[in-house]
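K.L.:
Provided below for reference: sequence and predicted model.
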Amino acid sequence: MTTVRIIGAPTDYGANRRGVDMGPSAIRYAGLADQLASADVEAVDAGDLAVPRAEERDPDTDAPSRGKAKFLRETADVCRRLADRVSGTLADGAVPLALGGDHSIAIGSLAGSARDADIGAVWFDAHADLNTPSTTPSGNVHGMPLAAALGFDEFADSDWANAPGLTPENVALVGLRSVDEAEIETIRDHGFAAYTMSDIDERGITEITEEAMATAGEGVDGVHVSLDLDWLDPKEAPGVGTPVRGGVTYREAHRAMETVAEADSLRSMELVEVNPTLDQHNETAELATELAASAFGKRVL
């Protein structure tokens with residue numbers, strides 16, 4: 001039986017709207033352990049990382065010499081500790097499931113998963129998350145985690161962000177519909193496999209996800225899956241900080257996660273950007289638990 005170790009990272013350093021730090025609690029309360037049990041996996045909850053409140057910190061304390069990145073020192077601290085937890089979980093033979101918090105925690109997940117391995121990544125998100133401190137329009141690090149993990153621009157010499165076992169050739173972005181101009185250039189320059197919602201409309205979610213998992217898994221030790229709940233249409237997942245209309249449907253999301261399970265290459269995963277202060281009856285958190293179960297193999301029959 002597969003063992004899944006749940007690791008909470010209750011941070012909202014990377015987001016513009018407060019409240020996403022309560023995401024791990026909301027996801028647990030929505031029944032994550034029961035959903036994983038229904039997928040025939042053993043869920044072990046390792047608790048939460050200790051994360052000081054953003055209101056107690058200065059967002060500009062450790063800004064880079066050029067560009068901007070809010071709460072960079074605090075984000076680095078959380079991600080270092082999360083990377084250790086993820087790496088330790090894999091060493092113990094379990095699959096790490098990180099709960100955000102905002103999407104900046106993916107820097108730690110990726111760094112930990114790639115510490116002693118070559119990995120791929122599939123990014124289920126409305127956004128590309130390929131900004132850097134010199135290109136970001138907002139300074140919010142939740143728009144930078146993939147760029148950070150790949151060591152782009154200001155992150156090139158980072159001692160905490162880089163995931164050396166991850167390269168653009170093994171990254172696939174699925175469901176894009178809000179991408180900045182600088183990110184478009186980065187996607188084209190580095191040859192990322194990138195699929196917009198129009199691609200999903202044209203080809204279908206199953207074919208796209210199969211192709212994404214194959215690209216991410218080519219010649220590596222496993223695939224990291226990053227699931228931002230704003231990937232779904234806001235009608236399905238209202239409790240997110242950066243909703244964008246036109247996302248995937250409830251059924252498309254489940255089919256995508258079922259396809260992830262069928263690929264049998266899942267190495268690590270995170271669920272991010274659930275903000276219960278913006279949610280309706282905790283339905284976004286409940287959806288997150290269901291999708292996690294599908295990714296770990298739950299089926300109707």
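P.N.:
Everything's here; your move.
K.L.:
Packing partners of the host helix or strand of residue 4?
P.N.:
Element membership of residue 4 [criterion: DSSP states H and E] is strand 3-9. Strand 3-9 sits against helix 23-29, helix 32-38, strand 42-48, helix 72-91, strand 95-100, with contacts defined as 3 or more C-beta pairs under 8 Å, 6 or more residues apart in numbering; DSSP states H and E. In this view, the C-beta of every residue, glycine as well, is placed from N, C-alpha and C.
K.L.:
Now do the longest one against strand 42-48, angle only.
P.N.:
Relative orientation of helix 72-91 versus strand 42-48 (axes from the mean of the first three to the mean of the last three C-alpha atoms, to 10 degrees): 150 degrees.
K.L.:
And the average pLDDT for helix 72-91 is what?
P.N.:
Mean pLDDT, helix 72-91: 97.
K.L.:
what's the answer for the shortest one, then?
P.N.:
Averaged over strand 95-100, pLDDT sits at 98.
K.L.:
Next SSE downstream of it?
P.N.:
helix 106-113.
K.L.:
Give the rounded mean pLDDT of that next one.
P.N.:
98.
K.L.:
counting contacts, what elements does it pack onto?
P.N.:
helix 72-91, strand 95-100, strand 119-124, helix 145-149, strand 222-228, strand 266-272.
K.L.:
got those as TSV, with mean neighbour count and distance to residue 171 columns?
P.N.:
Output for the helices and strands packed on helix 106-113, formatted as TSV (neighbours: other C-beta atoms under 10 Å; distance: least, C-beta to C-beta, whole Å):
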stretch	mean neighbour count	distance to residue 171
helix 72-91	22	18
strand 95-100	27	18
strand 119-124	28	5
helix 145-149	30	7
strand 222-228	27	10
strand 266-272	26	14
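K.L.:
and those as TSV, adding distance to residue 190?
P.N.:
Listed next are those as TSV, based on distance: least, C-beta to C-beta, whole Å:
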stretch	distance to residue 190
helix 72-91	22
strand 95-100	25
strand 119-124	13
helix 145-149	10
strand 222-228	17
strand 266-272	22
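K.L.:
so which of those gets nearest residue 8?
P.N.:
Of all the helices and strands packed on helix 106-113, it is strand 95-100 that lies closest to residue 8, at 4.8 Å by C-beta to C-beta.
K.L.:
Within the sheet, what are the partner strands of the closest one, with directions?
P.N.:
Strands that pair with strand 95-100, judged by DSSP bridges, come out as strand 3-9 (parallel), strand 266-272 (parallel).
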